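**Q** Show me how the following folds:
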Amino acid sequence: MATKYRCGWCEGDELYQKYHDEEWGVPIYDDDTLFEFLILETFQAGLSWITILRKRENFKKAFDNFNYNKIANYNQDKIASLLQDTGIVRNKLKIKATVTNAQAFIKTQKEFGSFSKYIWRFVDGKPIKNTLKDYKNAPANTPLSDSISKDLKKRGFKFVGSTVVYAHMQATGMVNDHETNCFRYHEV
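**A** You can find the predicted model right below:
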């Protein structure tokens, strides 16, 4: 049986490969999952994605299954308990940003009917299909991620710089940055 070619960034780690093969780059239109990835990408800022991926279940448990309605109402006691949780990244600014982002997420949902409608309008509802031969040539950000980042910040979101936004776009399938010879390139 021939082995499938994958994007080079995920080779050598089973968890990375599973994430690559099943999730990364698949278009997501569900608000709950879009919020989960927004939170995970926020915590990833300045760290490696594999670090966050390995702690994903801990984040899910600590943040009430990424329920933005609950997170929007976290008080100082809950924030203090999260700062003691060794299973997650204990960064006070990122934890507080998660609460702020849940509140901004809900406001955005109310304005557009869903966060999905809001975010996907930047790409006319369908993924941008890039033609990368090597993942190392993928941009860290683009003029589009710059513009989405500015708009999110204007709406009150935190830790949503252009690089975080572009990573979110890649993860949620707004942009297909699988290498062209990767078996997932045509599948997503």
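
**Q** what's Cys7 in contact with, if anything?
**A** 20, 135, 178-179, 182, 184 (Cβ atoms under 8 Å, 6 or more residues apart in numbering). Every C-beta, even on glycine, is put in place using the N, C-alpha and C of the backbone.

**Q** Closest one to Tyr68 out of the residues you listed, please.
**A** His20 (26.3 Å; Cβ to Cβ).

**Q** how close does the closest one get to Asp134?
**A** Using Cβ to Cβ, to the nearest Å, His20 is found at 15 Å from Asp134.

**Q** Between those two, tell me which one has more neighbours.
**A** His20 (20 against 12; other Cβ atoms under 10 Å).

**Q** what about the closest residue to the more buried one other than its chain neighbours, neighbour count?
**A** Closest residue to His20 apart from its sequence neighbours, by Cβ to Cβ, 6 or more residues apart in numbering: Cys10 at 3.9 Å. Residues lying near Cys10 (other Cβ under 10 Å) number 21.

**Q** isn't Cys10 right next to Tyr19, touching?
**A** Yes - assessed by Cβ atoms under 8 Å, Cys10 is found in contact with Tyr19 at 7.1 Å.

**Q** residues making contact with the helix or strand hosting Thr100?
**A** Using DSSP states H and E, Thr100 falls within helix 92-112. Under the contact criterion Cβ under 8 Å, 6+ apart, helix 92-112 has outside partners 31, 35, 38-39, 42-43, 45, 63, 68-69, 71-72, 74, 79, 82-83, 115, 118, 121, 152, 155-160.

**Q** Buried residues, the helix or strand just after it. List them.
**A** As assigned by DSSP H and E, the chain's next helix or strand after helix 92-112 is helix 115-120. Neighbour counts over helix 115-120 (16 or more other Cβ atoms under 10 Å) mark 115-116, 118-120 as buried.

**Q** ok, so of these, who is nearest Lys4?
**A** Trp120 (28.8 Å).

**Q** Now for that closest one: which residues touch it?
**A** 29, 174.

**Q** any idea how far Gly113 is from it?
**A** With Cβ to Cβ as the criterion, Trp120 and Gly113 are 12 Å apart.

**Q** go on, Lys96?
**A** Separation of Lys96 from Gly113 (Cβ to Cβ): 28 Å.

**Q** Those two: who's more crowded?
**A** Taking neighbours as other Cβ under 10 Å, Lys96 and Gly113 compare with Lys96 leading, 17 against 10.

**Q** how near is the more buried one to Ile50?
**A** Lys96 is 25 Å from Ile50, by Cβ to Cβ.

**Q** just Lys126 next, same as before
**A** 29 Å.

**Q** circling back to that earlier point, among the contacts of Cys7, which pair sits farthest apart?
**A** Tyr135 and Arg184, at 11.8 Å, using Cβ to Cβ across these.

**Q** For these two, indicate the residue with more neighbours.
**A** Arg184 (20 against 15).
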